[in-house]
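*Asks:* Build me a model from this:
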Amino acid sequence: MITLPEHLEQPFLHIAEMEHKPVNTLIEQALTDFLEDYYDVQLATAAIKRLESGESELISLEDAERMLHEMDCED
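*Replies:* Take a look at the predicted model:
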């Protein structure tokens, strides 16, 4: 069980009452969302570094679609 400081506990209690959900469910969802966002930021940061170093390059949506279409035609 996680003990929250009162300045965090009160909003969770209020939302739980409004949403008719247990506080634990809301906290679990908040932590899950945070972790997903954190990992998304890490992946984006790594991709930007690869672009800046020249290790990767951007392609247009049209080129990506063309490449995918060509791959589908090979099958």
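
*Asks:* Which residues belonging to the helix or strand containing residue 71 are considered buried?
*Replies:* Taking DSSP states H and E as the criterion, the element that holds residue 71 is helix 61-74. When neighbours are counted by 16 or more other CB atoms under 10 Å, no buried residue of helix 61-74 is found. Glycine gets a C-beta too; all of them are placed from N, C-alpha and C.

*Asks:* So what touches that helix?
*Replies:* Residues from elsewhere that reach helix 61-74 (CB atoms under 8 Å, 6 or more residues apart in numbering): residue 59.

*Asks:* roughly how far out does that helix sit from the chain middle?
*Replies:* Average the C-alpha atoms of helix 61-74, do the same for its chain, and the two points are 27 Å apart (CA atoms, centre = their mean, to the nearest Å).

*Asks:* pull the CA atoms of that helix into CSV?
*Replies:* Listed in CSV are the C-alpha atoms of helix 61-74, where the atom choice follows Å, rounded to 0.1, in the frame of the first residue of the first chain:
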residue,chain,number,x,y,z
LEU,A,61,5.3,10.1,-45.3
GLU,A,62,4.9,9.6,-49.1
ASP,A,63,8.3,7.8,-49.2
ALA,A,64,7.4,5.6,-46.3
GLU,A,65,4.0,4.7,-47.9
ARG,A,66,5.8,4.0,-51.2
MET,A,67,8.3,1.7,-49.4
LEU,A,68,5.5,-0.2,-47.6
HIS,A,69,3.6,-0.6,-50.8
GLU,A,70,6.7,-2.0,-52.5
MET,A,71,7.2,-4.4,-49.7
ASP,A,72,3.6,-5.6,-50.0
CYS,A,73,4.0,-6.1,-53.7
GLU,A,74,7.1,-8.3,-53.1
